[in-house]
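**Q** have a look at this prediction, sequence included:
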Amino acid sequence: MSAFLDRLSQTRAIVISFIATLLIGFGFGVFGDQVGGVLLDEIMSADAARALIAGMSEAQRDAHFWVTVGLDSAYPIAYGAFLVGLLARLGQNLRRLCVAPAMATVVVDYLENTVQALALVGNDAWLIAKDVLTPLKVSGLLICLALAIGLGIWRWLERLKAGSDSSTR
């Protein structure tokens, strides 16, 4: 695990994964019209997801399926690598603890994607899991964001303190 975190916490890996996250996110907008304008990932409940799917044409369901298994399968890899790398770097000695929310969020996102892909091909029995998975994914991302901001401020304050300590000598 340490070698994995060492690799992802390198500046190059963080920058590349951030750019990949942005490009894939842009891709969702490119295919927005083909899937009907709203992605299932934006829907928080099973009932709302069922209603959205029911209102889609066959072509929209098909396009949405491919966006889900293609772009939305690459997205957790990209944002997961970015968040794990950033949190590992900022977390330093506590990095294993700091990256746990990001890794859990990626797993939850894949579970959500599986449920949505199944629903798009007509098997919506597992869609009820969306009531838990989507809010859990969003919460995980917010926790990661708060953690990254908090750790970033902490590291910045440490640098300021170290700089003022060395200048007073």
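**A** Received the coordinates, thanks. Just so it is clear, the model here is predicted, and its values are computed rather than measured.
**Q** let me know the pLDDT of the residue nearest to Ile24 when sequence neighbours are not counted.
**A** Among residues not flanking Ile24 along the chain, Tyr75 sits closest, at 4.9 Å (CB to CB, 6 or more residues apart in numbering). Placement of C-beta: from N, CA and C, glycine included. We have a pLDDT of 97 for Tyr75.
**Q** what residues are up against Tyr75?
**A** By CB atoms under 8 Å, 6 or more residues apart in numbering, the residues touching Tyr75 are Thr21, Ile24, Gly25, Phe28, Asp109.
**Q** what about the fourth one, distance to Leu118?
**A** With distances taken as CB to CB, to the nearest Å, Phe28 is found 20 Å from Leu118.
**Q** gap between the residue nearest to Ile24 and Ala162?
**A** The spacing between Tyr75 and Ala162, counted by CB to CB, is 37 Å.
**Q** now do Leu118
**A** Using CB to CB, we find Leu118 at a distance of 52 Å from Ala162.
**Q** neighbour count winner among these two?
**A** Leu118 (17 against 10; other CB atoms under 10 Å).
**Q** spit out the contact partners of the closest residue to that one other than its chain neighbours.
**A** Excluding its sequence neighbours, the residue lying closest to Leu118 (CB to CB, 6+ apart) is Trp126, at 5.8 Å. Residues in contact with Trp126, defined by CB under 8 Å, 6+ apart, are Thr114, Val115, Leu118, Ala119.
**Q** pretty sure the second one sits against Leu133.
**A** Yes - with contact taken as CB atoms under 8 Å, Val115 and Leu133 are classed as touching, separated by 6.6 Å.
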